[in-house]
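Enquirer: Got a predicted model here, sequence first, then my questions.
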Amino acid sequence: MRYLTIALAKGRLAKKAMEMLEEIGITCDEMKEGTRKLIFTNEELKLKFFLAKANDVPTYVEYGSADIGVVGKDTILEEKKNLYEVVDLGFGKCNMVVAGPKEMEERLKYSNTIRVATKYPNIAKDYFYNKKNQKVDIIKLNGSIELAPLVGLSEVIVDIVETGSTLKDNGLVILDTICPLSARMVVNRVSMKMEGERINEIVEGLRNLK
């Protein structure tokens, strides 16, 4: 039997995903040992695990370096990779929103060109160009997106919001909700054909946890 390889987005998401996998009998003691290893193995179940930067998980899965990945829906939408999204794991819930000063509410409806700052240019483009048919200038940023409207770099932002307290603290409001987000499991297309039975067993196990 060949190994099934699972790529997990580093941080809280990987921790929560492993807790869920443990509930369905999929464990990896090596991961708890605080080692500097990059790949962790469960010989008995013929499984390998590795942690990757969230943005890289869809790439590892699309190219078959990982059969399965666990990553946020925001990353799946932004990276636009060719893979199967098989289960909503139901944790890490938040929303992708358009936010800005309250006075931008009217301008968003009627203004032709506005500047939008975001870490998610593909999601922003899809929303404004395809859903709203609105012309915007998209500015890609990597740091605190909330800063952009405060210093005049952009009129609005597209970002992830969990509680909304950071927006509120900076005098910004949610102007529109683009979509709900949460952690998802994704699968390589070839792996689904070759290892469908084993993969579906994991998927069904996780679905039944809810």
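Expert: Yep, that arrived. Numbers count the residues shown, from 1 in each chain.
Enquirer: What are the boundaries of the strands in this structure?
Expert: Along the chain, the segments classed as strands by DSSP state E run 4-9, 39-42, 47-52, 68-72, 84-88, 94-100, 114-118, 136-140, 156-161, 173-181, 183-187.
Enquirer: Quick check: mean pLDDT of the fifth one?
Expert: In this case it means strand 84-88. If you average the pLDDT over strand 84-88, you get 97.
Enquirer: Which strands and helices lie in contact with it?
Expert: With contacts defined as 3 or more CB pairs under 8 Å, 6 or more residues apart in numbering; DSSP states H and E, strand 84-88 has these neighbours: strand 183-187, helix 196-207. The way it works is simple: take the backbone N, C-alpha and C, and place the C-beta from them, glycine included.
Enquirer: could I get those as JSON lines with distance to residue 141, mean neighbour count and mean pLDDT?
Expert: Shown next, in JSON lines, are the helices and strands packed on strand 84-88 (distance: least, CB to CB, whole Å; neighbours: other CB atoms under 10 Å; pLDDT from 0 to 100):
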{"stretch": "strand 183-187", "distance to residue 141": "24", "mean neighbour count": "23", "mean pLDDT": "98"}
{"stretch": "helix 196-207", "distance to residue 141": "34", "mean neighbour count": "16", "mean pLDDT": "96"}
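Enquirer: Output the ones you listed as JSON lines; include the columns distance to residue 151.
Expert: Below are these laid out as JSON lines (distance: least, CB to CB, whole Å):
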{"stretch": "strand 183-187", "distance to residue 151": "33"}
{"stretch": "helix 196-207", "distance to residue 151": "43"}
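Enquirer: which stretches of the protein have low pLDDT?
Expert: Within the chain, the ranges that satisfy pLDDT under 70 run 210.
Enquirer: Residue 178 touches residue 125, doesn't it?
Expert: No. Using CB atoms under 8 Å, residue 178 is not in contact with residue 125; the gap is 11.5 Å.
Enquirer: Mind checking which of these two has more residues around it?
Expert: residue 178 (21 against 15; other CB atoms under 10 Å).
Enquirer: Which residue lies closest in space to that one, excluding its sequence neighbours?
Expert: residue 96 (4.3 Å; CB to CB, 6 or more residues apart in numbering).
Enquirer: Next up, the contacts around that neighbour.
Expert: 74, 77, 120, 123, 158-161, 177-181 (CB atoms under 8 Å, 6 or more residues apart in numbering).
Enquirer: Beta-bridge partners for the most centrally placed residue in the chain, please?
Expert: The chain has residue 72 as the residue nearest its centroid, 2.2 Å off, counting by CA atoms, centre = their mean. Residue 72 forms beta bridges with residue 183, as assigned by DSSP bridges.
Enquirer: need the contact list for it.
Expert: So, once contact is read as CB under 8 Å, 6+ apart, residue 72 ends up touching 9, 13, 54, 92, 181, 182, 183, 184.
Enquirer: let's go with 6 Å and repeat that
Expert: 92, 181, 183 (CB atoms under 6 Å, 6 or more residues apart in numbering).
Enquirer: mind checking how far it is from residue 160?
Expert: 8 Å (CB to CB, to the nearest Å).
Enquirer: likewise residue 174?
Expert: In terms of CB to CB, residue 174 sits 12 Å off from residue 160.
Enquirer: same deal with residue 178?
Expert: For residue 178, the distance to residue 160 equals 10 Å [CB to CB].
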